[in-house]
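Novice: 3D model of this:
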Amino acid sequence: MQVILTHEQADFDALASMLGAHLLQKEAYTVLPAVMNRNVQSFLHLYGADLPFVAAGDLPNDPIDRVTLVDTQSMITLKGMRFNTRVYVIDHHQLRPDFPKNWHFEGVDTIACTTRFVEDLQENNGHLSIIEATLLLLGIYEDSGSLSYAHTTPRDVSAVAYLLENGASLKIAANFLNQPLSAQQHAILDTLLSNLEAYSLQNCKVLVSWADAPELEDEVSSIAHKLGDLLDPDALFIFVRTREGIRLVARSITDQVNVAEVAKRYNGGGHARAASALVRSDKQNPDQLTDLVRDFKDDLPILVYPAVTVSQIMSKKPLTISPETTAQQAYQLMQRFGYEGYPVVQDEQVKGLLTRRAVDRALAHRLADMTADNLMDAGSVSVSPSDSLDTLQRKMADSGWGQVPVVDPRSGKIIAITTRTDLLKVLAGGTRGGVEHRNLSEEITSVLPPARLALLRLISRAAQNRQLPIFVVGGFARDLLLNVPSFDLDCVVEGDAVDLADNLADAYGGRITSHQKFGTAKWRLNPKNTALQAALAEESPDADLSALPDSIDLISSRTEFYEKPSALPIVQKSSIKLDLHRRDFTINTMAVRLDGNHFGELYDYWGGLSDLKKGLIRVLHSLSFVDDPTRMLRAVRFEQRFGFTIEERTLRLMRQAKTLLKDVSGERIRHEIDLILVEKQVVSMMTRLADLGLMEQIHPALRWNDDLASQFMELFDLPLPRKYDFSGHPSEMEQKIQVAYILWLLPVFSNNLQEIIQRLRLKNNLSHMIQQAHDANIELDRRRKEPDSRLIAALQGCPPVVLYALWLHNKLTHQRNIIEKYAVQWRHVKPRTDGKKLMKMGVPASPRIGEILDELRAAWIDGRVSSEAEEEALLQHILHG
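Specialist: The predicted model follows:
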């Protein structure tokens, strides 16, 4: 028997999720919980007869094989459950740390759990009655505040649209949303109002109250909702003692208070905006409620995050222009960097803002030489780093400036800039200004070998001493969050990275290779340097110095622009925020700060963490693939490596820009292909490249099919066979890559082969082997009915890489046997006779000697000769007839 369950005190999302699960799994019994919210009970009194719910007491007396648990991770016990009952949880709450290991969990990233089931019903064209559609609608509406809560997703909205199209009644739904409180609930509300305490923490209005209501039969959540409507706090916490225990109901409208985290302290759960918990009654402690509330109030200050300030969303090292800058010059800057406005600065003081609109109007009127001081919006609108976002928003609204300079309050000098986009991201709830309330220091410590961790701390301390913020960026931060080991340490410095590298080398030895123009430096370590050894030993006495990397890259934070599509970028020093914005995909835009007390802080300005959780590959802007078409190849690589999905708009942009791959240099294309060929998911990556039409954009003759896929799987899943006598150099993986290129290009027609080799700028050695394999394969096919000795003539001189590629490529058993016998045995076969013997027998030094030896060798291979005597007889026959 299969059953569908949810939590006690069920709300509409719980009930609707059960219905959705049943419509997709109709053989399962949908069991009502013992306790439900009053509005849910009212709905069932009217419409329950049309719905597939049963009471627990009405279940057949059969063993329960499977439980589908929705909208919760806590399961009630039913008669018929066994130790081996399978439990499948579908829930939109955060995974609990004590989640049973033998249960299956599917997380839902929507505001309502119901949405997940509606999407499946839509995909399966499930038929819905009016009552079913309305209940599903209620599930989403109740949890999303009728789609008004900040964490409502587009998926929730789409699900509602589908339900309305399929008969859901807003009129019926309205009767069960925001129902009036019962007399009992009103009495509790009055008590809560009288006990109410207000706190102002980090500019947040937080309300706390409590009530004793052992006879309460209705739910507490409706009371909390009413209290929130009356008082409009940023966060609300109420504790109500009932027969079951003390119920905590928490609500929040700000990112500064994550009530799900608070509820977790009491073994509860929920969302950042709404959560609850039940603390079981302690009959030994009559003051349990008082003690619980007192302890909660003591902890309250640490439960409220600091407010976001301008310093958290501003971009340092802003691009500015002088009053003498012409409209034409400003236009070129705007084209390069894409910004809509530039502060006009003179003597480090803000004089105004020049907008794209003003520049466009000047150029339209042929006033290209008009200067910024005549075109700008004059004034000195600015904020300081410590100002609140309310202050910033007010100044933007009052001035109409979409870009507001940030000035040092002491000197008045411009130090950064904030934009309307930065502000909207925070107000929309997508970010807290880049710095996540997540510290990854524990993860860094657990992932990195002690020697590398000590080196990282050494570098971070050197940066801190020079007051330079330093970050480890890109793949390291991403892999850390995915719990994937990564030793790829690229350090970005907000400041002079070359100078920092020079100082590190002066203090700890090693050698620096730097490019001042690009602000990059490579510090090549010298592990034998005594100063380095002493410093690392101080950080980590047991560190194994053999685990140190050969070098560390230090890079000044920078921004970049492209003068034309597919060109290499031109760089300019900038802030970490803009440095991260130049990356390829959002999941690669995160950084972990290293200096001082900031060690381990996660910086996420561009939504990388969100896309990482959703498993999406997303570009940062619409011209990303135009700027660098090789990003399309990287998109496929990351998608397949992590089992992610290329986001819909990003996929559309790829399809629009794919022809630009034709303009990318062969070296850059080959570099990306080489990276794909060392991945575990190489086959799925190559398949995806072909499916998206990217392979044919590299060269129209390039193809991919099931045969190649199976050949690649055989190549990369198994070690190279020893019997082919592969050498130890290059490495096994490098030789596999050579085999892979040969396999990929073997099906190409001869007239296209050299074009592709030139297109990919393949190295001479590999190019020669590809041509060798191509020629040998044609000869093998042409001579397939000839004796073995004639067949293997096609293989003469082929190295092991070519032979193995030919063996993988050929399906015919006979040809495979010929290739393998040649590789293992026949290429080593030589006749007993040699040239000296033939000359002694009177054969003159001439090509005739080689012909005779070849004929003798062929006889051994074809089996016509099997002993020295038989060879001698054949030789006499050749010489004398």
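Novice: so Tyr47 sits against Ile130, correct?
Specialist: No - checked against CB atoms under 8 Å, the pair Tyr47 and Ile130 is beyond contact range at 9.4 Å. (Each C-beta comes from the backbone N, C-alpha and C, glycine too.)
Novice: these two: which is more packed in?
Specialist: The neighbour comparison of Tyr47 against Ile130 (other CB atoms under 10 Å) goes to Tyr47, with 17 against 14.
Novice: longest strand in this protein, by residue count?
Specialist: When every strand of the chain is counted residue by residue (DSSP state E), the longest turns out to be strand 81-91.
Novice: re earlier: name the residues contacting each of Tyr47 and Ile130.
Specialist: Taking CB atoms under 8 Å, 6 or more residues apart in numbering as the contact rule, Tyr47 and Ile130 touch no residue in common.
Novice: buried residues, the longest strand of the chain. List them.
Specialist: 81, 85, 87-91 (16 or more other CB atoms under 10 Å).
Novice: wait, Glu443 touches Leu480, no?
Specialist: Yes - look at Glu443 against Leu480 with CB under 8 Å: they come within range, at 5.2 Å.
Novice: neighbour count winner among the two?
Specialist: Between Glu443 and Leu480, counting by other CB under 10 Å, Leu480 is the more crowded of the two (22 against 16).
Novice: and the more buried one, how close does it get to Ala364?
Specialist: Look at Leu480 and Ala364: by CB to CB, to the nearest Å, they are 50 Å apart.
Novice: just Thr30 next, same as before
Specialist: Thr30 sits 66 Å away from Ala364 when distances are taken as CB to CB.
Novice: okay, those two: which has more neighbours?
Specialist: Residue environment comparison for Thr30 versus Ala364 gives the larger neighbour count to Thr30, 22 against 8, counting by other CB under 10 Å.
Novice: just checking, what packs against the host helix or strand of that one?
Specialist: Here Thr30 is covered by strand 29-31, with elements defined by DSSP states H and E. Contacts defined by 3 or more CB pairs under 8 Å, 6 or more residues apart in numbering; DSSP states H and E place strand 29-31 against strand 2-5, helix 12-24, strand 53-54.
Novice: may I have the strands that pair with it, each with its orientation?
Specialist: strand 2-5 (parallel), strand 53-54 (parallel) (DSSP bridges).
Novice: buried ones in whatever helix or strand comes next after that strand?
Specialist: Towards the C-terminus, the helix or strand next in line after strand 29-31, according to DSSP H and E, is helix 38-47. Neighbour counts using 16+ other CB under 10 Å place 38-40, 43-44, 47 of helix 38-47 among the buried residues.
Novice: just stretch 251-269 next, same as before
Specialist: In stretch 251-269, residues buried by neighbour count (16+ other CB under 10 Å) are 251-264, 266, 268-269.
Novice: among those, which ones are in strands?
Specialist: The subset of the buried residues of stretch 251-269 that ends up in strands is 251-252, 269, with DSSP E as the criterion.
Novice: ok, so what distance separates the nearest residue to Lys811 once chain neighbours are set aside from Val683?
Specialist: The shortest distance from Lys811 to any residue that is not its chain neighbour, by CB to CB, 6 or more residues apart in numbering, is 7.8 Å, and that residue is Asp707. Distance from Asp707 to Val683, counting by CB to CB: 12 Å.
Novice: next one: Ser252
Specialist: Going from Ser252 to Val683 by CB to CB gives 47 Å.
Novice: swap in Lys264?
Specialist: The spacing between Lys264 and Val683, counted by CB to CB, is 42 Å.
Novice: now stretch 494-507: buried residues?
Specialist: Residues of stretch 494-507 classed as buried: 494-505 (neighbour count, 16+ other CB under 10 Å).
Novice: ok, now stretch 827-838?
Specialist: By neighbour count with 16+ other CB under 10 Å, stretch 827-838 contains the buried residues 827, 831, 833, 838.
Novice: which one of those residues is nearest Trp401?
Specialist: Distance from Trp401 was checked for each of the buried residues of stretch 827-838 by CB to CB. The minimum falls on Arg827, at 77.4 Å.
Novice: hmm, back to that, in helices, which of the buried residues of stretch 251-269 fall?
Specialist: Among the buried residues of stretch 251-269, DSSP state H puts 259-264 in helices.
Novice: hang on, the earlier thing: with distance to Ala14 and secondary structure added, can I get the buried residues of stretch 827-838 in JSON lines?
Specialist: JSON lines is the format used below for the buried residues of stretch 827-838 (distance: CB to CB, whole Å; DSSP: H, G, I helix; E, B strand; the rest coil):
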{"residue": "Arg827", "distance to Ala14": "72", "secondary structure": "helix"}
{"residue": "Pro831", "distance to Ala14": "86", "secondary structure": "coil"}
{"residue": "Thr833", "distance to Ala14": "90", "secondary structure": "coil"}
{"residue": "Leu838", "distance to Ala14": "94", "secondary structure": "helix"}
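Novice: now those in CSV, please, with extra columns for pLDDT and distance to Leu278.
Specialist: Rendered in CSV, the data for the buried residues of stretch 827-838 read as follows (pLDDT from 0 to 100; distance: CB to CB, whole Å):
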residue, pLDDT, distance to Leu278
Arg827, 70, 77
Pro831, 79, 91
Thr833, 80, 95
Leu838, 79, 99
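Novice: in a markdown table, list those residues along with distance to Ser540.
Specialist: Putting these into a markdown table (distance: CB to CB, whole Å) gives the following:
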| residue | distance to Ser540 |
| --- | --- |
| Arg827 | 53 |
| Pro831 | 65 |
| Thr833 | 69 |
| Leu838 | 72 |
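Novice: pull out the buried positions in the top helix by length along the chain.
Specialist: Scanning the chain for the helix with the most residues, using DSSP H, yields helix 764-782. Buried positions in helix 764-782, judged by neighbour count with 16+ other CB under 10 Å: 766-767, 769-774, 776-777, 779-780.
Novice: of all the residues you listed, the one with the weakest confidence?
Specialist: Least confident of the buried residues of helix 764-782 in the model: Leu780, at 81.
Novice: nearest to Leu812, of the buried residues of stretch 827-838?
Specialist: Arg827 (20.0 Å).
Novice: so what's the residue positioned nearest the centre of the chain scoring on pLDDT?
Specialist: The geometric centre of the chain, computed from its C-alpha atoms, lies nearest to Leu612 (CA atoms, centre = their mean), at 3.5 Å. Reported pLDDT at Leu612 in the predicted model: 92.
Novice: and what of Arg461?
Specialist: pLDDT recorded at Arg461 is 92.
Novice: go on, Gly430?
Specialist: Gly430 is assigned a predicted lDDT (pLDDT) of 50.
Novice: begin at 277 from now on, thanks
Specialist: Happy to do that; since the first residue is 277 now, the last one works out to Gly706.
Novice: save the buried residues of strand 357-367 as CSV, and put in distance to Arg1140 too.
Specialist: Below are the buried residues of strand 357-367 laid out as CSV (distance: CB to CB, whole Å):
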residue, distance to Arg1140
Met357, 77
Thr361, 72
Val363, 72
Tyr364, 69
Val365, 73
Ile366, 73
Asp367, 76
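Novice: and these, which is closest to Pro1120?
Specialist: Tyr364 (86.2 Å).
Novice: any idea how far the closest one is from Gln370?
Specialist: The value you get for Tyr364 to Gln370, if CB to CB is used, is 18 Å.
Novice: now Ile735
Specialist: Here the distance between Ile735 and Gln370 works out to 35 Å (CB to CB).
Novice: for Leu927, same thing?
Specialist: 29 Å.
Novice: phi, psi for the closest residue to Phe1025 other than its chain neighbours please.
Specialist: If the residues on either side of it in the chain are set aside, Phe1025 comes closest to Ala977, at 6.8 Å by CB to CB, 6+ apart. Backbone torsions for Ala977, taken as degrees, to the nearest 10, come to phi -90, psi -10.
Novice: what residues are up against Ala977?
Specialist: Under the contact definition (CB under 8 Å, 6+ apart), the residues listed for Ala977 are 1024-1025, 1028, 1031-1032.
Novice: show me which of those are buried.
Specialist: Applying 16+ other CB under 10 Å to these, the neighbour count classes 1024, 1032 as buried.
Novice: so where's the stretch 677-826 of the chain shaky on pLDDT?
Specialist: Using pLDDT under 70 as the threshold, the predicted model of the stretch 677-826 of the chain has low-confidence ranges 704-713.
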